[in-house]
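1. Have a look at this prediction, sequence included:
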Amino acid sequence: MPGTKSTTDREIRLHLLVRHPPAGVRFAVQRGPTAACDLVPPVYATIDWLSFEIVVRLGPPRRAGPYRFLGPFVHGSPDARFVYLNSGQAAGDPDSCWMRRAKVWLEDITAEQIDAVLAEPGAILEAEVDGSGRDGGPVCASTRVVGRSWRVSLDRPGTAALQSPDE
């Protein structure tokens, strides 16, 4: 039955696609409680896209739903989890004029999506966020995933989104 299996110490992969990052600005996903902790660079980068892959643990159920996200990439209260996307100095570039962090919220991930990822070896949860803020600099503060929200992907992470229509 979906959402009822034990999830203690289960892991799922999250793939974060950052579209249209400002030119010349370094981005990293924050691992740990402060911006001075480990910074994870993109696994793939083009002018138009950055691609990050992280692993999160699933803990005992939370009050608002069947899953709770845990691990060094997860921040926030148990009922409002997010991942930090750092840029500029906060991403390890001391010469940048930017020092920003954006919260990528995990709350839209459904129990059905998690169950689908757990049931299919190699499946991941994938989402896109805009890399630029309204001021033209790197995205900051709270951000939501774009398009269809989080989605289950069975392809090699991000390859469909990272390919241009001509490929």
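-> Received it, and whenever you're ready, just let me know what you need. Numbering: from 1, shown residues only.
2. which stretches of the chain aren't confidently modelled?
-> By pLDDT under 70, the low-scoring segments of the chain are 1-9, 35, 62-66, 148, 155-167.
3. Enumerate the positions of the helix ranked longest in it that are buried.
-> In the chain, ranked by residue count with DSSP state H as the criterion, the top helix is helix 111-119. Under the neighbour-count criterion of 16 or more other Cβ atoms under 10 Å, helix 111-119 has Gln113, Ile114, Asp115, Ala116, Val117, Leu118 buried. The way it works is simple: take the backbone N, C-alpha and C, and place the C-beta from them, glycine included.
4. What residues does the closest residue in space to the fourth one that isn't next to it in sequence make contact with?
-> Translated: Ala116. Spatial nearest neighbour of Ala116, chain neighbours left out: Val152 (4.7 Å); criterion: Cβ to Cβ, 6 or more residues apart in numbering. By Cβ atoms under 8 Å, 6 or more residues apart in numbering, the residues touching Val152 are Gln113, Ala116, Val117, Glu120, Ala123, Ile124, Leu125, Glu126.
5. Equivalent analysis for Gly32, please.
-> Asp38, Pro72.
6. quick one, strands of the protein?
-> With DSSP state E as the criterion, the chain has strands at 10-19, 27-31, 38-40, 44-45, 49-59, 68-70, 75-77, 80-88, 99-105, 124-130, 141-143, 151-153.
7. quick revisit: quick check: the farthest pair among the buried residues of helix 111-119?
-> Farthest-apart pair in the buried residues of helix 111-119 is Gln113 and Leu118; separation 9.8 Å (Cβ to Cβ).
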